[in-house]
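Provided below for reference: sequence and predicted model.
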Amino acid sequence: MPKMKTHKGASKRFRITKKGKLKHYNAGHSHMQSGKSPKRRRSLRKPSLLAPEHAGRVAKLLGVRMVSPPPTPPQNPQKKAEEKK
């Protein structure tokens, strides 16, 4: 089977952080600025993280395998009580 190609439109819009999350720039910053508050305009300048619901689909377009976080160890309240004694 041939290699998977990166979706070039997605590669220009999304970046991957060191921890594997997807970063994107916010929409609504290109025109009609006068109707937006200064605080809102400042917050639109900064990149934000993509919601996890959409991250899987975008990662597939980028050809990146999303790594799920490791499972948390089971909590045993009885063992903690014994350690404190």
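Cool, the structure landed. Predicted model only: the values in this text are computed from it and were never measured. Residues are numbered from 1 along each chain as shown.

wait, what's in contact with Arg13?
Applying CB atoms under 8 Å, 6 or more residues apart in numbering, one finds that Arg13 lies in contact with His24, Tyr25. (C-beta placed from N, C-alpha, C; glycine too.)

Which other helices and strands does the top helix by length along the chain contact?
Identified as the longest helix of the chain according to DSSP state H is helix 52-62. For helix 52-62, the contact count by 3 or more CB pairs under 8 Å, 6 or more residues apart in numbering; DSSP states H and E identifies helix 8-13, strand 14-16, strand 22-24 as packing neighbours.

again, only this time at 6 Å
For helix 52-62, the helices and strands in contact under the criterion 3 or more CB pairs under 6 Å, 6 or more residues apart in numbering; DSSP states H and E are helix 8-13.

gap between the helix it packs on and the chain center?
With CA atoms, centre = their mean, to the nearest Å as the basis, helix 8-13 stands 15 Å off its chain's centre.
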